[in-house]
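Student: can't give you the sequence, but here's the structure:
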Ligand code: FES
Ligand code: FES
């Protein structure tokens, strides 16, 4: 049985406010928690079949060239070596999120330094690693453009937009800013490095991998190998973080599958941390010019946001820096510009909240600069400029919570304690300051399927190839199913990350919970209707609670009403509500920093995030997602930066010793407030995505606080101590 | 070569290549995959285990250096049926998301609490002559060798504070 919905109409019923099981929205512990804290959760490189051989990549040592020969023969003489592979099926670039087909392939052409060009397979990991280091190769190296500013920028026509006359508005303005900021390349830094174990059974391939979107990865892998997708099964029940880096199939999966076929036994390939930096995805660096102009009342009359990013020559993905700028603030005159340079650097792709993470951040820095120039409170400036409909498209908003988030945060954070005059608070050698920023992220519904099976015994099974990459999918699908079918959390089993299950939406773009949750909701609704049929009743008139059904003045256990399993596949597709209204999530970030007047070091003392994302499905996991996003913001503001060698694009700091993620001591006890909201246009759950909102603008709250503390504007992220120090007066 | 390791109370005789790290011995040879590999270079803490009661990064040491040593991995700290107080607190406080750094965090915290009990100072201890109180700042400092990209840090501190027998 199936239950299908195309989301063409808002759903004003708010079913989950009427159900009585009482687990939706609660801070239920993760059902997968015990497995994770005891080390019994199985990640990609951990279910090693007997006889598994190990594969280790050798990488290209140049940025551009042709691989003319590898000496596999020599290696095969080394102990334990089983095979050396390379060739046209090797992935050159990892697949982009949602590609659903093979990415650019072929190891003969070298497009960036660090590209995996050969796989050495041996009995043991140590033998394979040793042999991979010994690999001799012949490469004809060519000059390739490395630095975006040298390469020049393409200006794709369909990515430009303008309204009115911004130049004129800037001239007529009571006040304006015209500033340029830069952000460096970033790495996702998921703690589990990409890894795959491939095993063939005849024509059928099973791949255990660390992937966010098995629903697409199955097709990407099959297409890369030239086999039928029906013959490819991907398993990813636990994924040790993704943040965009594991959206598309990556080189190790394809190489493991090719190798396993070649040596006739299972092969496991785990990328080293350095290979994750070099051969998966980076977030593109950006240069962003922002122009803002206001009338004498502080109302925006114009906004310009022009972004300059980069990627490899063959890649379509282009960091959508300006994604939220068309609708965040009012202003009649607009220029949105998007420019991309083609360079020989590691592939650019999605890293948590592609677009808004860096775009909203810089826009919010510019807003702070404007507020300072105008001598107006930065929160006030934002409140004055919240549009009542999408100022670019004219579409209504499905729901709008920015003002509420700003005001809630202002009160809770103690914003009235902030002195707008920079450099006015000091404690010993520490200069103190506060900053804020708006948060915004587009909201997306994605096609999703899930099967729910209700047993007469009062348990339910949820099956989909959706993943839980830390996002809480196991928890929230349990809660949705339990709430709809009147079952306690421990009566629901959720099985994820197996492409033999119905296809979910994959984890990405913050759409996972709402999309896969809706598929589960639809299946449960239909199951309720099937049960209701037996009573000749309408499903909405039945109450499902604790494994029983209450109807009129009767209460009966499920087993009285059904004598066999009921299985329904829920299926949702986005419809008119995605096009006829503007859907987004909003929030506000607040930060208090202490900057050392002697060293320029910044410490984040306090941080508050106020967020609204429709119905919150699990208060605990939703908060954790926000903590994660805000901490990414701390990293972006203060330490995270990929350093490309300008000569060959080599990622110089390709590990965690040199690419500095925030550590525990860098992160204070963050405060998170989740606002009550229901967005009827989003889906029948009234829930929206929350995984990325927390990063959007977070870094700006910190750098704006640095300005308030010191009077120094660092326009070149991250705001490391040297850059802050350069702006401080000589005498501390 | 031959090495005898006592892991979680059980003797294991390992016949192995001398290049095998303690981490790879656990993961690739003994099927003890609770210990995670995040960097293989001593930079992330995911591979933390207890060596004769003290925390170490198992990726930075060779298995052959530990003949006769007692090693405790996450599998020896608790099981889903019988969780240690720290494991329970991590679940309650959501001290993780993806869970990949978590065994390392819990092994590290287990040893860290013992270090604190023994009065070891840390970088943020103001008076190193007295037994430091395990404040949030002390916990965060002492846990900073364990990266968590999901950034459950505030929850990790909450969980450890609770397990250490303190209230907020
Ligand atoms: S794997 Fe040992 S410290 Fe990272
Ligand atoms: S829980 Fe994912 S890295 Fe810590």
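Tutor: Cool, the structure landed. Just so it is clear, the model here is predicted, and its values are computed rather than measured. Ligands and ions are numbered 1, 2, ... in the order given.

Student: give me the number of residues near residue 74?
Tutor: Using chain A. Number of residues near residue A:74 (other Cβ atoms under 10 Å in any protein chain shown) recorded here: 14. In this view, the C-beta of every residue, glycine as well, is placed from N, C-alpha and C.

Student: try again with chain B
Tutor: A count of nearby residues for residue B:74, using other Cβ under 10 Å, gives 30.

Student: Check the contact between it and residue B:100; I expect there is one.
Tutor: No - counting by Cβ atoms under 8 Å, residue B:74 does not reach residue B:100; the two are 11.9 Å apart.

Student: tell me which element the most centrally placed residue in chain B falls in.
Tutor: Nearest to the geometric centre of chain B sits residue B:107, at 2.3 Å (Cα atoms, centre = their mean). Under the criterion of DSSP states H and E, residue B:107 resides in helix B:102-117.

Student: Is that helix positioned near chain A?
Tutor: Yes - counting by Cβ under 8 Å from any Cβ of the partner chain, chain A is contacted by helix B:102-117 at B:102-103, B:106.

Student: So which bits of that helix are buried?
Tutor: Of all the residues in helix B:102-117, those buried under the rule 16 or more other Cβ atoms under 10 Å in any protein chain shown are B:102-113, B:116.

Student: Excluding sequence neighbours, find me the nearest residue to the residue of the stretch 151-300 of chain A found nearest ligand 2.
Tutor: Distances between the stretch 151-300 of chain A and ligand 2 by Cβ to the nearest ligand atom are smallest at residue A:191, namely 3.8 Å. The spatially closest residue to residue A:191, leaving aside those adjacent along the chain, is residue B:100, at 4.2 Å (Cβ to Cβ, 6 or more residues apart in numbering or on different chains).

Student: quick one: that neighbour is in a helix?
Tutor: No - under DSSP: H, G, I helix; E, B strand; the rest coil, residue B:100 sits outside any helix and is assigned coil.

Student: Which positions in chain B make contact with ligand 1?
Tutor: Along chain B, the residues adjacent to ligand 1 under the rule Cβ under 6 Å from any ligand atom are B:37-40, B:42-47, B:57, B:59.

Student: How many residues are close by the residue in chain B that chain A sits nearest to?
Tutor: Chain A sits closest to residue B:34 of chain B, with a gap of 2.0 Å, by Cβ to the nearest Cβ. Counted by other Cβ under 10 Å, the residues lying close to residue B:34 total 27.

Student: measure it to residue A:552 for me?
Tutor: Computed as Cβ to Cβ, to the nearest Å, the residue B:34 to residue A:552 distance reads 52 Å.

Student: Please apply the same query to residue A:103.
Tutor: Distance of residue A:103 to residue A:552, given as Cβ to Cβ: 58 Å.

Student: what about the two, which has more around it?
Tutor: Neighbour totals were compared for residue A:103 and residue A:552, and residue A:103 leads with 23 against 9 (other Cβ under 10 Å).

Student: so what's the backbone phi/psi at the more buried one?
Tutor: Backbone torsions for residue A:103, taken as degrees, to the nearest 10, come to phi -80, psi -170.

Student: Spit out the contact partners of it.
Tutor: By Cβ atoms under 8 Å, 6 or more residues apart in numbering or on different chains, the residues touching residue A:103 are A:91-96, A:220, A:224, A:248-249.

Student: sorry, back to before: list the helices and strands the helix holding residue B:107 packs on?
Tutor: helix A:33-37, strand B:48-51, strand B:54-57, helix B:74-77, helix B:85-92, helix B:136-142, helix B:153-163 (3 or more Cβ pairs under 8 Å, 6 or more residues apart in numbering or on different chains; DSSP states H and E).

Student: again, only using 10 Å
Tutor: Packed against helix B:102-117 by the contact rule (3 or more Cβ pairs under 10 Å, 6 or more residues apart in numbering or on different chains; DSSP states H and E) you find helix A:33-37, strand B:48-51, strand B:54-57, strand B:70-72, helix B:74-77, helix B:85-92, helix B:136-142, helix B:153-163.

Student: Could you check the angle that helix makes with helix B:153-163?
Tutor: Helix B:102-117 and helix B:153-163 are oriented at 50 degrees to each other (axes from the mean of the first three to the mean of the last three Cα atoms, to 10 degrees).

Student: Nearest residue to the middle of chain A?
Tutor: Central residue of chain A (Cα atoms, centre = their mean): residue A:352, at 3.2 Å.

Student: And the residue nearest to residue A:191, how far from ligand 2?
Tutor: Relative to ligand 2, residue B:100 is positioned 5 Å away (Cβ to the nearest ligand atom, to the nearest Å).

Student: and the one residue in the stretch 201-350 of chain A that gets nearest to ligand 1, what does it touch?
Tutor: Proximity of the stretch 201-350 of chain A to ligand 1 (Cβ to the nearest ligand atom) peaks at residue A:273, 7.7 Å away. Neighbouring residues of residue A:273 by Cβ atoms under 10 Å, 6 or more residues apart in numbering or on different chains: A:187, A:189, A:191, A:193, A:654-657, A:659, B:37-41, B:43-44.
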